[in-house]
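*Asks:* Give me a 3D structure for the following:
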Amino acid sequence: MTKPAPGPDQPPIPVRLVTFNTHHGVGEDRRHDLPRLATVLAAMDADIICLQEVDRHYGDRSEDVDQALLLSRALDMQLAWGPAIDEPRPGEPAARQYGNALLSRLPILISDVHRLPGSGEPRSALRTMVELDGGTLWVTATHLTTHSAEERAAQVAALSALHTGPMEAGVVVGDFNARPDAPELGALRERFTDAWSAAPAREDRSGWRFWHRNDGDTHPAHSPSRRIDQVWLSPGVTVTSAQVVDAGGASDHLPLVVDLAVRSGV
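*Replies:* Presented below is the predicted three-dimensional model:
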């Protein structure tokens, strides 16, 4: 029997989403500690976790392990993987990879990877569609270049183009290596809303620095002064709260946690 289409009066669907640059599992103490990172992620009780700087068989810095797979297993979440660096290793079955990962409690229906323009370290965007109870949510996760504002602007334009008309309920998240009001993020501001600024309830880790309270700064973790980890919302998504939480020393960034309300039936 076919279910009736959701009506306009149906309540929005709650989704908790995290974006976190993990620094390939190496904390401020310079130790690679994947169990520590998994413990930090589990404590957030998120539906969707978007991670940047994740290694898969990358080498000694991360003990040559498949971080994406091990984290997905530790948290019992589905995995979507978006490599930015993908290099074969002679004589080894697994390639040397580094990039973006998405972990989800919710079913992942679509996952694709898109190379972003620019020089230097390769950059990519991981685009997924996640099934909700009564709707869907598109999530595009990325990590932009540190090379120049001009290259970030080109990457942002490519990101914006990935979000087409039918994708009414969607978010663009990640480490943008620029503040949300930076000129190079103009293409995002034209189509999306900054979740931190829109959130009616906010909390960060500013501590005694009262003049920065509720600024949402995420980097560097030991004394955050830059809001470069962000979530951008399409018109089909609103935000009820946003918080920057303690990383437990697991990375040089702090995680951003947002509670979203996704419009039903889109």
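*Asks:* From here on, just use CA atoms for contacts and neighbour counts.
*Replies:* Fine.
*Asks:* which other helices and strands contact the lengthiest helix in the chain?
*Replies:* Taking DSSP state H as the assignment, the helix of the chain that covers the most residues is helix 149-162. The criterion is 3 or more Cα pairs under 8 Å, 6 or more residues apart in numbering; DSSP states H and E, and the helices and strands that helix 149-162 contacts are helix 186-191.
*Asks:* List the contacts of the helix it packs on.
*Replies:* Residues from elsewhere that reach helix 186-191, judged by Cα atoms under 8 Å, 6 or more residues apart in numbering: 153, 156, 157, 160, 232, 234.
*Asks:* which element follows whatever helix or strand the fifth one lives in toward the C-terminus?
*Replies:* What it means is residue 232. Under the assignment given by DSSP states H and E, the secondary-structure element containing residue 232 is strand 229-233. For strand 229-233, the succeeding helix or strand toward the C-terminus, using DSSP H and E, is strand 237-244.
*Asks:* Now do that next one against strand 229-233, angle only.
*Replies:* If you take axes from the mean of the first three to the mean of the last three Cα atoms, to 10 degrees, strand 237-244 sits at 160 degrees to strand 229-233.
*Asks:* Give me the sheet partners of strand 237-244 and which way each runs.
*Replies:* Strand 237-244 has its sheet partners listed here by DSSP bridges as strand 202-203 (parallel), strand 256-262 (antiparallel).
*Asks:* Between the ones you listed, which one is closest to residue 185.
*Replies:* strand 256-262 (18.6 Å; Cα to Cα).
*Asks:* Could you export the closest one as PDB, CA atoms only?
*Replies:* Written as PDB, here are the backbone C-alpha positions of strand 256-262 (Å, rounded to 0.1, in the frame of the first residue of the first chain):
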ATOM      1  CA  LEU A 256      30.600  22.200  15.300                       C
ATOM      2  CA  VAL A 257      27.300  20.500  16.200                       C
ATOM      3  CA  VAL A 258      24.100  21.700  14.700                       C
ATOM      4  CA  ASP A 259      20.500  20.600  15.400                       C
ATOM      5  CA  LEU A 260      18.600  20.900  12.200                       C
ATOM      6  CA  ALA A 261      14.900  20.900  11.200                       C
ATOM      7  CA  VAL A 262      14.400  19.500   7.700                       C
END
